[in-house]
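A.B. asks: show me how the following folds:
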Amino acid sequence: MYVERAFVLDMPLQRAWTFLNEPQEVGRCLPGCHTVELVEPGTYKASVGFRAGPVKASFDVQIVTAEERPPEFAAYTMRGADRDGGSKVSAECTLALAALDARRTQVTYTSKAHIVGRLGKFAGGIMQKFADGINDQFVAALVRRSGELDASAANAAEVSVETGESLLVRFFRRIVLGLKAVFGQQAG
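C.D. replies: The predicted structure is shown next:
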């Protein structure tokens with residue numbers, strides 16, 4: 001089964017790279033993902049569950065970074081098994097990023113997945129439609145979450161600027177009051 005998606009994140013290239021390499025952020029966007037944890041740099045474990053037609057599956061998977069060229073490209077391998085032992089999955093995935101401009105990043109990802117066992121018995125078209133639906137939800141959640149994070153970062157920057165301006169105003173006010181006190185005392 002092959003999946004390819006291209007979408008735009010409203011964040012600069014480096015920030016998009018950082019976001020897409022944060023396992024907790026990506027995990028919260030993947031439908032059915034229960035947990036994601038770092039095993040060691042470049043290796044992650046995840047617990048994912050879903051229902052495809054009459055089959056319900058819960059997979060424990062390991063994701064390993066196979067190649068990385070920050071902030072533009074990464075390749076990953078994924079291997080896992082259904083907790084009931086009825087299905088196994090393996091996939092080779094790529095992630096490519098390109099700056100569209102200073103504030104937007106084009107993201108293209110691909111996945112070649114191989115499923116054997118109960119889920120592998122489904123006709124290719126049914127599994128492909130299911131995978132396409134999951135991936136559409138995943139992309140929508142990534143775009144939404146990146147927008148939330150970008151808005152939070154913008155708000156934090158505004159607060160920082162406002163706080164900085166307030167501190168600056170207070171600083172100058174103290175200087176002026178100090179000068180008035182000094183010059184007022186000298187005149188008297």
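A.B. asks: next up, the contacts around the residue lying closest to residue 128 once chain neighbours are set aside.
C.D. replies: Nearest residue to residue 128, sequence neighbours excluded (Cβ to Cβ, 6 or more residues apart in numbering): residue 1, at 5.6 Å. No exception for glycine: its C-beta is placed from N, CA and C like everyone else's. For residue 1, the contacting residues are 112, 113, 114, 115, 124, 127, 128, 131, by Cβ atoms under 8 Å, 6 or more residues apart in numbering.
A.B. asks: what segments of the protein are strands?
C.D. replies: Secondary structure of the chain (DSSP state E): strands at 2-9, 33-40, 43-52, 55-69, 73-82, 87-99, 105-117.
A.B. asks: as JSON lines, these with mean neighbour count, distance to residue 143 and mean pLDDT would be great.
C.D. replies: Output for these, formatted as JSON lines (neighbours: other Cβ atoms under 10 Å; distance: least, Cβ to Cβ, whole Å; pLDDT from 0 to 100):
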{"stretch": "strand 2-9", "mean neighbour count": "15", "distance to residue 143": "6", "mean pLDDT": "95"}
{"stretch": "strand 33-40", "mean neighbour count": "13", "distance to residue 143": "17", "mean pLDDT": "95"}
{"stretch": "strand 43-52", "mean neighbour count": "16", "distance to residue 143": "20", "mean pLDDT": "90"}
{"stretch": "strand 55-69", "mean neighbour count": "15", "distance to residue 143": "21", "mean pLDDT": "93"}
{"stretch": "strand 73-82", "mean neighbour count": "18", "distance to residue 143": "19", "mean pLDDT": "96"}
{"stretch": "strand 87-99", "mean neighbour count": "17", "distance to residue 143": "14", "mean pLDDT": "96"}
{"stretch": "strand 105-117", "mean neighbour count": "17", "distance to residue 143": "9", "mean pLDDT": "94"}
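A.B. asks: nearest to residue 24, of those strands?
C.D. replies: Of all the strands of the chain, strand 33-40 sits nearest to residue 24, with 6.1 Å by Cβ to Cβ.
A.B. asks: of the contacts of residue 1, closest to residue 38?
C.D. replies: Nearest to residue 38 among the contacts of residue 1, with distances taken as Cβ to Cβ, is residue 113, at 22.8 Å.
A.B. asks: which strand residues bridge that closest one?
C.D. replies: residue 91 (DSSP bridges).
A.B. asks: so who does it touch?
C.D. replies: 1, 2, 3, 89, 90, 91, 131.
A.B. asks: on that earlier part again, with respect to residue 39, which of the contacts of residue 1 is nearest?
C.D. replies: residue 113 (21.1 Å).
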